[in-house]
Structures are given as structure tokens and as C-alpha cells.
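**Student:** here's my sequence, what's the structure:
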Amino acid sequence: MRTILSAVLIALVALLVPASAVAYWADRELGNADRYTAAMSPLAANPAVQEVVVTQVTRALAGQIDAGPFQMGVDALLGEALHSFAGTPAYQTAWDAANRAAHAAFLNALTTGHGDALTIDLAPVIAQVKGELVEGGVPFADRIPVTHLSVKVMEYDNLAALREGFHMLQIAGVWLPVLTLVLAAAAIAVAVHRRRAVMATGLGLAVGAGLLWLTVEVCRRLTLDDLPADIDRPAAGAVYDALTAFLRTTAWVVLVIGLTAALAAWVTGRLRRTP
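**Tutor:** Down below sits the predicted model:
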């Protein structure tokens with residue numbers, strides 16, 4: 001009976017590993033403005049994301065500068081300036097500011113039921129571009145309007161279901177990981193053969209890590225397949241990967257811990273049998 005109970009607890013641990021990791025991620029990573037901004041910050045250097053930003057800002061500003069017969073030249077110059085600006089430290093600062101401002105809207109879409117997309121307001125980027133061009137003496141740069149330009153990087157048709165899931169994960173963000181650890185300890189404690197239970201629990205953690213990794217990959221495919229045609233998929237994929245980097249790292253860490261525990265238990269057993 002104790003062996004069966006231990007096996008059931010180990011199976012629960014394997015299933016709870018991905019659930020607890022996702023719950024913690026939703027509550028402490030996505031729900032925290034500093035961590036959200038830190039996760040999105042590397043995307044400033046991503047070529048696909050940069051191209052979306054440059055394209056959207058260029059489209060928004062093109063034609064808004066009244067340059068008379070020089071209009072086409074000014075629009076072309078603006079596009080070149082945006083491409084050059086995209087690789088500067090000032091752009092990184094503006095990008096971080098834009099994402100910090102977008103975090104509130106992101107949480108609003110996931111918690112209040114308003115909105116159906118993840119957007120980034122590029123007003124800080126436009127302001128930085130204008131300042132750079134004016135300082136560089138570019139003609140008509142002072143006429144660039146600093147407008148609130150929201151760029152969609154992800155959009156969902158069934159965001160209502162995602163909101164419900166996110167709310168449940170936030171509630172479980174603290175106690176679910178603790179429950180997983182408690183069940184793992186209980187599986188070892190109730191077992192008749194503790195060493196074998198440690199080895200089995202380690203393998204259970206490894207299986208759970210594999211399930212977590214598989215979940216992230218499957219959700220990635222489903223998310224990108226569900227995007228409207230006007231959303232840039234390489235950029236959206238980069239955003240998804242940035243937001244879920246914590247889950248991938250967690251999967252690898254749990255995998256290493258589980259396999260190390262299983263291997264240590266196996267080696268200990270072999271050493272005891274050695275005369």
C-alpha cells in the first residue's frame with residue numbers, strides 16, 4: 001500500500017511540475033513590471049522586432065511632416081534615420097520605457113477583460129528619434145509629431161479563455177509550487193524503500209520538466225497559428241520566446257535536479273552492493 005501511495009504521489013509531482021512552474025511564472029514574472037520589462041528588453045536588438053518598429057513608426061510619421069516638394073526625400077530620410085537609430089543605446093532606453101508603460105495595458109488585457117491584444121506604445125521611441133534628428137540638424141525634424149502609436153505584437157481571438165486561465169494561475173502562483181515540493185517529500189517519506197523512492201522522484205521531476213518544455217513549445221505553435229494575418233510572425237515568435245524564457249530555464253533546471261537526484265540514488269545503491 002505504501003509503495004502504491006508513493007507511486008501515485010510521484011505521478012502527481014510529474015504532473016504538477018509544469019503547472020506549478022507556469023503558475024509561478026504568471027504570478028511573479030508576467031505580473032511584475034520590472035521582470036516583464038527585463039524579459040522584453042533584449043528584443044530591442046532583435047532584427048524582426050526592430051523591423052516592425054521601424055516600419056510602423058515610418059508609416060505613422062510619413063506624410064505628417066509638411067516638407068512641400070521635398071516630401072519624398074524627407075520620408076526616405078526618416079526611414080533611414082529610424083533604421084540607424086534602432087541600434088543605439090538611446091533606442092534601448094526608449095524601448096524599455098515603452099515596454100514598462102505597456103505592462104499596465106498588458107495586465108489590463110489579461111485581468112479586466114478589456115482589450116484583445118498585446119500592444120506597445122512607441123511614443124517614447126518617436127520622441128527619442130525626434131530628439132536625435134533635431135540634434136543632428138536634419139531638416140524639418142522639429143515638425144515630427146510625437147503621437148501615441150500602439151503597435152500590436154500579439155493578438156488573440158479567444159482572449160477571454162486566456163484571461164480565465166491567467167487568473168487561476170495567479171491564484172495558484174504561490175501554493176502550487178509549495179504543494180509540489182511537499183508531495184515530492186511525502187512520496188519519499190511514505191515509501192518502503194527510500195533510495196528507490198528518491199530515484200523515482202528524481203525521474204518524476206525529469207518527466208515533469210519534459211512536460212513543461214513540451215507545453216511551452218505546443219503553446220508557441222498554437223499562439224502563432226492563431227495570430228491574424230497582419231501580425232508579423234517572426235516578431236511575435238520573438239516576443240513569445242522572450243516572455244517564456246523563464247519557463248524554458250525552469251524546465252532545464254528541474255531536469256538537471258531530477259536526473260542528478262536519480263543518478264545519485266542509483267550510484268549510492270550500487271556502492272552499497274559493492275563488497
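
**Student:** give me the neighbour count for the closest residue to residue 255 other than its chain neighbours.
**Tutor:** Excluding the flanking residues, the one nearest residue 255 by C-beta to C-beta, 6 or more residues apart in numbering is residue 209, at 3.8 Å. (C-beta placed from N, C-alpha, C; glycine too.) A count of nearby residues for residue 209, using other C-beta atoms under 10 Å, gives 24.

**Student:** shouldn't residue 209 be in contact with residue 254?
**Tutor:** Yes: under the criterion of C-beta atoms under 8 Å, residue 209 makes contact with residue 254 at 4.1 Å.

**Student:** overlap in contacts, those two.
**Tutor:** Counting by C-beta atoms under 8 Å, 6 or more residues apart in numbering, the shared contacts of residue 209 and residue 254 are residue 17.

**Student:** the residue nearest to residue 255 sits in which helix or strand?
**Tutor:** Assessed by DSSP states H and E, residue 209 sits inside helix 194-225.

**Student:** kindly report the same for residue 177.
**Tutor:** Per DSSP H and E, residue 177 falls inside helix 175-189.

**Student:** mind listing what's buried along that helix?
**Tutor:** 176, 177, 179, 180, 183, 184, 186, 187, 188 (16 or more other C-beta atoms under 10 Å).

**Student:** what does stretch 43-58 give?
**Tutor:** For stretch 43-58, burial by neighbour count (16+ other C-beta under 10 Å) applies to 43, 44, 46, 49, 50, 52, 53, 54, 56, 57, 58.

**Student:** Serialize these to JSON lines and add fields for pLDDT and distance to residue 130.
**Tutor:** Shown next, in JSON lines, are these (pLDDT from 0 to 100; distance: C-beta to C-beta, whole Å):
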{"residue": "43", "pLDDT": "90", "distance to residue 130": "22"}
{"residue": "44", "pLDDT": "88", "distance to residue 130": "18"}
{"residue": "46", "pLDDT": "90", "distance to residue 130": "23"}
{"residue": "49", "pLDDT": "88", "distance to residue 130": "21"}
{"residue": "50", "pLDDT": "86", "distance to residue 130": "18"}
{"residue": "52", "pLDDT": "83", "distance to residue 130": "20"}
{"residue": "53", "pLDDT": "80", "distance to residue 130": "15"}
{"residue": "54", "pLDDT": "80", "distance to residue 130": "15"}
{"residue": "56", "pLDDT": "76", "distance to residue 130": "16"}
{"residue": "57", "pLDDT": "75", "distance to residue 130": "11"}
{"residue": "58", "pLDDT": "75", "distance to residue 130": "13"}
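
**Student:** adding distance to residue 128, write these out as JSON lines.
**Tutor:** Formatted as JSON lines, the buried residues of stretch 43-58 follow (distance: C-beta to C-beta, whole Å):
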{"residue": "43", "distance to residue 128": "16"}
{"residue": "44", "distance to residue 128": "12"}
{"residue": "46", "distance to residue 128": "18"}
{"residue": "49", "distance to residue 128": "16"}
{"residue": "50", "distance to residue 128": "14"}
{"residue": "52", "distance to residue 128": "17"}
{"residue": "53", "distance to residue 128": "12"}
{"residue": "54", "distance to residue 128": "13"}
{"residue": "56", "distance to residue 128": "15"}
{"residue": "57", "distance to residue 128": "11"}
{"residue": "58", "distance to residue 128": "15"}
